[in-house]
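> From the sequence below, what's the structure:
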Amino acid sequence: MKNPEAQQDVSVSQRIRMMFYVMKPSETSFQTLEEVPDYVRKATPFFISLMLLELVVSWIRKGKPPGGLDDALTSMSAGIVSRLPRLFCRSIELTSYVYIWENYRLISLPWDSPWTWYLTFLGVDFGYYWFHRMAHEVNIMWAGHQTHHSSEGYNLSTALRQSVLQIYTSWIFYSPLALFIPPSVYAVHLQFNLLYQFWIHTEVIENLGPLELILNTPSHHRVHHGRNRYCIDKNFAGTLIIWDRIFGTFEAENEKVVYGLTHPINTFEPFKVQFHHLVNIWTTFWAMPGFFNKFSVIFKGPGWGPGKPRLGLIEEIPEVEGKEVPFTSSASQLLKIYVLVQFTLILAFYEETFADKSVLSQVSLLLRVCFIILTLTSIGFLLDQRPKAAVLETFRCLVFLVLCRAGHLKPCISSWSFAFEIFFSICIAFWGVRSVKQLVSDPWR
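Below is the predicted model:
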């Protein structure tokens, strides 16, 4: 992908159109992988803008926001965590693809041909369908993908709730394309396929008429995110819903959809959101007798058990009534405002880190990544009202000051450095007092 300094050739018009896959081959064809812009990072302002627009439309039409602040922050936190590895190395989806291309390709289709562009569009979308389907039908793959389904809301922020694990299996389904499709063309469509799926995570768009026959739409994808029995393992499409219609996994939206996992995890803590099912597999694997049963725990469906079909029994899925209340944080409104401020600051540091990664040392990058993860974890602890949340937040604010003094962190506007130091010093004092009071009143908790 291009260096940030060179990524100045994506116009505002293109940035808007790329969110809906409305791009022309002539403006998105590149000879080398290094020329391909980081479209996903360039889309960040549009993610925020569209979420704000969704908020306004939802208030006007329904008199309420499209979801809770706690859930939205958790979704965006997952999105941040999922992209942090890209600060250190190229995605395995690209690395594996380039390796196959350079060593095993059969033919080389022209990178600047519209026919190659459209063929890659279909190939990537077809590969995504099968990856997505297997991510629901193979337990070890579901351990990664379940992160995306763990939200009990359905809005544009839900699209950002991405797994840090699933790219380690998704590359397998795209690898056949490397036998004939140039990496630069593949890298473009891999990003557009992901970006297209952002806007379909909403309830403010109801039905798109004839487009429902061909495209994956908000209505179709709402079904996919449902935990109603009729929604389970349906509508795996990325961009085109035709794959579901062809392979028998299509289901139209009818009764009210209740979102989330069939067994909600009831937490906003990012590590649990990412890894809780992996822990469950580990526990089940060692408790399950027999080699073939252990094998099945990993490679059969999440609902499998001894004596059951590969994907489990649909009647064991808990029935929903449509009156389910999503899990929400018991934190006060004042604390939620504080959390929002801290998240906004870390989002700015996250963006700055990606923008400056070419000039930052490996030590600075590593320390910044650790601080970002620490911040998101502390925010999760605060929203969950965990007993040691105050202690963790005190430590986090202290780490911020240390990193600033050492030159590894700095505000986007250098003149704000003193104000940041004052603000975080006040935070240390406040949370430090809370921590001491808590430890004195209940030292063993």
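> quick one: the helices in the stretch 251-400 of the chain?
Chain-ordered helices for the stretch 251-400 of the chain, with DSSP state H, counting those that start in this stretch as the definition, fall at 270-287, 291-299, 333-356, 362-384, 389-405.
> Out of the ones you listed, the one nearest Ala43 is which?
Between Ala43 and the helices of the stretch 251-400 of the chain, the shortest separation by CB to CB is 12.0 Å, and it involves helix 333-356. C-beta coordinates here come from the backbone N, C-alpha and C atoms, glycine included.
> can you pull the buried residues of the closest one?
By neighbour count, with 16 or more other CB atoms under 10 Å as the criterion, the buried positions of helix 333-356 are 336, 338-339, 342-343, 345-347, 349-350, 352-354.
> circling back: Asp125: which of the helices of the stretch 251-400 of the chain is closest?
Nearest to Asp125, of all these, is helix 291-299, at 25.3 Å by CB to CB.
> Spatially nearest residue to the residue sitting nearest the centre point of the chain, not counting backbone neighbours?
For the chain, Gln162 is the residue whose C-alpha lies nearest the centre (CA atoms, centre = their mean; 1.6 Å). Closest residue in space to Gln162, ignoring its immediate chain neighbours: Ser82 at 3.9 Å, by CB to CB, 6 or more residues apart in numbering.
> is it true that the one you found touches Tyr168?
No. Counting by CB atoms under 8 Å, Tyr168 is not a contact partner of Ser82; they are 11.6 Å apart.
> And those two? Which one has more around it.
For Ser82 and Tyr168, the more surrounded residue by other CB atoms under 10 Å is Ser82, and the numbers stand at 21 against 14.
> Point me to the helix or strand that includes that one.
Take DSSP states H and E as the rule and Ser82 turns out to sit in helix 69-83.
> That helix versus helix 270-287: what angle between them?
With axes from the mean of the first three to the mean of the last three CA atoms, to 10 degrees as the basis, helix 69-83 and helix 270-287 are set at 70 degrees to each other.
> Report all helices and strands that helix 69-83 contacts.
If you count contacts as 3 or more CB pairs under 8 Å, 6 or more residues apart in numbering; DSSP states H and E, helix 69-83 packs onto helix 270-287, helix 333-356, helix 362-384.
> Turn these into TSV, columns for distance to His149 and mean pLDDT.
TSV is the format used below for the helices and strands packed on helix 69-83 (distance: least, CB to CB, whole Å; pLDDT from 0 to 100):
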stretch	distance to His149	mean pLDDT
helix 270-287	10	97
helix 333-356	22	95
helix 362-384	18	97
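> Mind checking the ones you listed for the one nearest to Trp111?
Comparing these under CB to CB, the one sitting nearest is helix 333-356, at 26.5 Å.
> Touching the closest one from outside, list them.
4, 41, 44, 69-70, 73, 76-77, 80, 83, 87, 329, 331, 360, 365, 368-369, 371-372, 375-376, 378-379, 382-383, 409, 412 (CB atoms under 8 Å, 6 or more residues apart in numbering).
> now do stretch 232-252
Around stretch 232-252, the neighbours that count as contacts under CB under 8 Å, 6+ apart are 21, 121-122, 124-126, 128-129, 132-133, 136-137, 193, 196-197, 212-217, 219-221, 223-224, 226, 230-231, 262, 311, 314, 317.
> Of the residues you listed, keep whichever come out buried.
Burial of the contacts of stretch 232-252 was assessed by neighbour count (16+ other CB under 10 Å); the buried members are 21, 121, 124-126, 128-129, 132-133, 136-137, 193, 196-197, 212, 215-217, 219-221, 223-224, 226, 231, 262, 311, 317.
> Next up, the contacts around the nearest residue to Gly226 once chain neighbours are set aside.
Among residues not flanking Gly226 along the chain, Val257 sits closest, at 3.9 Å (CB to CB, 6+ apart). Going by CB under 8 Å, 6+ apart, Val257 touches 154, 222-223, 225-226, 228, 231.
> can these go into TSV with extra columns for distance to Ser175 and secondary structure?
Converted to TSV, the contacts of Val257 look like this (distance: CB to CB, whole Å; DSSP: H, G, I helix; E, B strand; the rest coil):
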residue	distance to Ser175	secondary structure
Tyr154	32	coil
Arg222	31	helix
Val223	29	helix
His225	28	coil
Gly226	31	strand
Asn228	34	coil
Cys231	30	helix
